[in-house]
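Engineer: just need the structure, nothing else, for what follows:
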Amino acid sequence: MSASTDQARADIRYIDDLLDPRPMRIETGIVRLDTGALVVAVRTELPGCKGRMLDWWFKHFETTEHLSWWHPLDHVAHNGWDEGRVKGERYVGATIRAVESLGDIPPVPAVIRFHDPGAIFGKGSFERALLAGDATAAVYARIGFGDGARLDENGDPRDGQMVHVVRDTSQGAVLRSRFILGLDDEADHSVPDAVGLGLLQHCYTEFAYLAKILPSLYWGDPANRDDVPVLW
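Structural biologist: Next comes the predicted model:
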């Protein structure tokens, strides 16, 4: 496999490999593409969690307090969902605005618009992975950063994309995340490696923090009481 092909496989536009449980060439790290865009890959273990819990979380979180539970250090402010989100039912098609830092990188505004994850994988790939148990949930979004984050004609942020794929395991779940930054051809700056490494650390720690509380939050919803394990 050539170097250019390796880079193409790291691009978020070629992400069906996230649906394959076997080890990937890059589970955690950063890759600079020939275009100058930066790919960030992160693998996070989620002990005691399941894909359905992460799907529930994205349908329910809505306050700065919730974001601080998710990451006590990096998450600064939740500035609201738009009308596309219906609490407890739907976040796909909705946009959220928040303020986050990436470790040592100071806080910046972020805009994230969520899409059906099946749209970013090969035709039918996500559905087949769900049926096979190779995935149990996924999140796909377009992302932008800064006060002047640019949107395209569809209202999607132009800076980058992100995908999270969850697969249930005997010990809980494993999350594979992939971002591609620097997609806006009209932007007058490239994304430095430090930002990619900061995002890698942020992504790993936010989901590691969330895994510590997510099962109890999920079971605290009366709709999920039949799923509560008996611990005594």
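
Engineer: pull up the pairing partners for the helix or strand containing Thr44, direction included.
Structural biologist: Using DSSP states H and E, Thr44 sits within strand 38-47. In the sheet, strand 38-47 lines up against strand 29-32 (antiparallel), strand 172-181 (antiparallel) (DSSP bridges).

Engineer: which parts of the shortest one are buried?
Structural biologist: Yep, that's strand 29-32 we're talking about. Ile30, Val31, Arg32 (16 or more other C-beta atoms under 10 Å). No exception for glycine: its C-beta is placed from N, CA and C like everyone else's.

Engineer: strands of this protein, residue ranges please.
Structural biologist: According to DSSP state E, the chain carries its strands in the segments 29-32, 38-47, 75-81, 95-102, 105-115, 137-145, 160-169, 172-181.

Engineer: the ones you listed into TSV, with extra columns for mean pLDDT and distance to Pro215?
Structural biologist: Listed next are the strands of the chain as TSV, based on pLDDT from 0 to 100; distance: least, C-beta to C-beta, whole Å:
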stretch	mean pLDDT	distance to Pro215
strand 29-32	94	29
strand 38-47	96	9
strand 75-81	96	20
strand 95-102	96	23
strand 105-115	94	23
strand 137-145	95	15
strand 160-169	96	13
strand 172-181	96	9
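
Engineer: so for Phe61, which of these sits nearest?
Structural biologist: Minimum separation from Phe61 across the strands of the chain (C-beta to C-beta) falls at strand 75-81, 7.9 Å.

Engineer: touching the closest one from outside, list them.
Structural biologist: 61-64, 66-68, 91, 94-101, 107, 109, 206 (C-beta atoms under 8 Å, 6 or more residues apart in numbering).

Engineer: what angle separates it from strand 105-115?
Structural biologist: With axes from the mean of the first three to the mean of the last three C-alpha atoms, to 10 degrees defining the directions, strand 75-81 sits at 30 degrees from strand 105-115.

Engineer: list the beta-bridge partners for the residue nearest the centre of the chain.
Structural biologist: Most central in the chain under C-alpha atoms, centre = their mean is His164, positioned 4.2 Å from the mean C-alpha point. Beta-bridge partners recorded for His164 (DSSP bridges): Val139, Ser177.

Engineer: correct me if wrong: it contacts Ala138.
Structural biologist: Yes - using C-beta atoms under 8 Å, His164 makes contact with Ala138 at a distance of 6.4 Å.

Engineer: okay, angle between the longest helix belonging to the chain and strand 38-47 too, please.
Structural biologist: Longest helix in the chain, counting residues (DSSP state H): helix 193-220. Interaxial angle of helix 193-220 relative to strand 38-47 (the same axes, to 10 degrees): 30 degrees.

Engineer: by contact count, what packs against helix 193-220?
Structural biologist: strand 29-32, strand 38-47, helix 51-60, helix 64-70, strand 95-102, strand 105-115, strand 172-181 (3 or more C-beta pairs under 8 Å, 6 or more residues apart in numbering; DSSP states H and E).
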